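Undergrad: Turn this into a structure:
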Amino acid sequence: MAFEARLEVVNGVGRITLIGELDATVAPLFKEKIDEAARHGVTRLVLLAEALAYMASAGLRALVFAKQKMGSAVTLVIVGAQPQVVETIKQTGFHRSVIMVAGEE
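TA: Have a look, this model is predicted:
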């Protein structure tokens with residue numbers, strides 16, 4: 001399944017919709033969207049992950065990069081992640097650094 005990441009910024013909130021499989025080959029695209037959100041000076045970054053079918057360790061590294069890039073002043077929220085994606089995040093303990101919610105944020 002092809003990967004897609006779409007960014008929308010409204011009132012200081014960045015929303016990145018993630019679709020498909022986030023692996024090493026497409027992680028740079030995800031990082032570009034994070035950089036773009038940072039340039040907009042967002043105070044909250046919401047990752048809409050309902051349609052994210054898979055996340056490899058490279059995708060997790062991109063999430064860690066997002067948290068580091070944005071700093072502690074920016075809240076990182078992951079919305080609607082599939083169980084297999086949640087498991088990947090929890091295995092590393094990264095779920096303690098973000099807000100994870102089941103439904104629409």
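Undergrad: Paired strands for the longest strand seen in the chain, with orientation please.
TA: Across the chain, the strand with the greatest residue count (assigned by DSSP state E) is strand 44-55. Strands adjacent to strand 44-55 in the sheet, as given by DSSP bridges, are strand 13-22 (parallel), strand 75-79 (parallel).
Undergrad: how about that strand: buried residues?
TA: 44-49, 52, 55 (16 or more other C-beta atoms under 10 Å). Where you see a C-beta, it was placed from the backbone N, CA and C, and this is true even at glycine.
Undergrad: What is the nearest of the residues you listed to residue 73?
TA: Comparing the buried residues of strand 44-55 against residue 73 with C-beta to C-beta places residue 44 closest, at 10.0 Å.
Undergrad: what residues are up against that closest one?
TA: Taking C-beta atoms under 8 Å, 6 or more residues apart in numbering, we find residue 44 in contact with 12-14, 74-75, 77.
Undergrad: could you check the distance from it over to residue 99?
TA: 9 Å (C-beta to C-beta, to the nearest Å).
Undergrad: overlap in contacts of these two?
TA: Shared contacts of residue 44 and residue 99, defined by C-beta under 8 Å, 6+ apart, are found at 75, 77.
Undergrad: Residue 84: what secondary structure?
TA: The local conformation at residue 84, judged by DSSP: H, G, I helix; E, B strand; the rest coil, is helix.
Undergrad: Tell me who's in contact with the residue lying closest to it once chain neighbours are set aside.
TA: Nearest non-adjacent residue to residue 84, counting by C-beta to C-beta, 6 or more residues apart in numbering: residue 54, 6.6 Å away. With contact set as C-beta under 8 Å, 6+ apart, residue 54 has these partners: 20-23, 84-85.
Undergrad: quick one: contacts for residue 78?
TA: The contact partners of residue 78, taken as C-beta under 8 Å, 6+ apart, are 47, 49, 63, 89, 98-101.
Undergrad: out of the contacts of residue 54, who's nearest residue 94?
TA: Proximity of these to residue 94 was ranked by C-beta to C-beta; the top entry is residue 85 with 11.4 Å.
Undergrad: Please report how far residue 14 lies from residue 76.
TA: Distance of residue 14 to residue 76, given as C-beta to C-beta: 10 Å.
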